[in-house]
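Novice: 3D model of this:
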Amino acid sequence: MYCTKCYAKLDDTAKIGRCPRCDRGYDVTDRSTWLKRPFPGALRIALYIAATSIVSLVIAYIAAMFQMASASGH
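Specialist: Numbering: from 1, shown residues only. Here you go, the predicted structure:
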């Protein structure tokens, strides 16, 4: 178990506890208060990269269309 704020290793023997590094509270029975891994998984990172690339390409295409339209003199 890892802290959702600072990614510190949490004590999974305590039912309700606090992060030793940032003092954020967590509950072992509530999955939304702690992380399974200290960082996002490889699939999530790959999806973020793909989504960012697609958004960047769309924005570049739109900017290029505006540049072409303004250069054509219309």
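
Novice: average model confidence for stretch 39-59?
Specialist: Averaged over stretch 39-59, pLDDT sits at 94.

Novice: quick one: contacts of it?
Specialist: residue 7 (C-beta atoms under 8 Å, 6 or more residues apart in numbering). Any C-beta I mention is one placed from the backbone N, CA and C, and that applies to glycine too.

Novice: can you tell me the centre-most residue of this protein?
Specialist: residue 40 (7.1 Å; C-alpha atoms, centre = their mean).

Novice: which secondary structure state does it sit in?
Specialist: coil (DSSP: H, G, I helix; E, B strand; the rest coil).

Novice: so how far is residue 34 from it?
Specialist: Using C-beta to C-beta, to the nearest Å, residue 40 is found at 15 Å from residue 34.

Novice: can you get me a residue count around residue 55?
Specialist: Number of residues near residue 55 (other C-beta atoms under 10 Å) recorded here: 10.

Novice: can you give me phi and psi for it?
Specialist: The phi/psi pair for residue 55 (degrees, to the nearest 10) reads phi -60, psi -40.

Novice: and what of residue 51?
Specialist: phi -60, psi -40.

Novice: what ranges does this structure have for its helices?
Specialist: Remark: helices assigned in the chain by DSSP state H are 42-71.

Novice: contact partners for residue 8?
Specialist: 2, 19-22.

Novice: how many residues are close by residue 19?
Specialist: Using other C-beta under 10 Å, the number of residues around residue 19 comes to 20.

Novice: for residue 3, same thing?
Specialist: Residue 3 - counted by other C-beta under 10 Å - has 21 other residues nearby.
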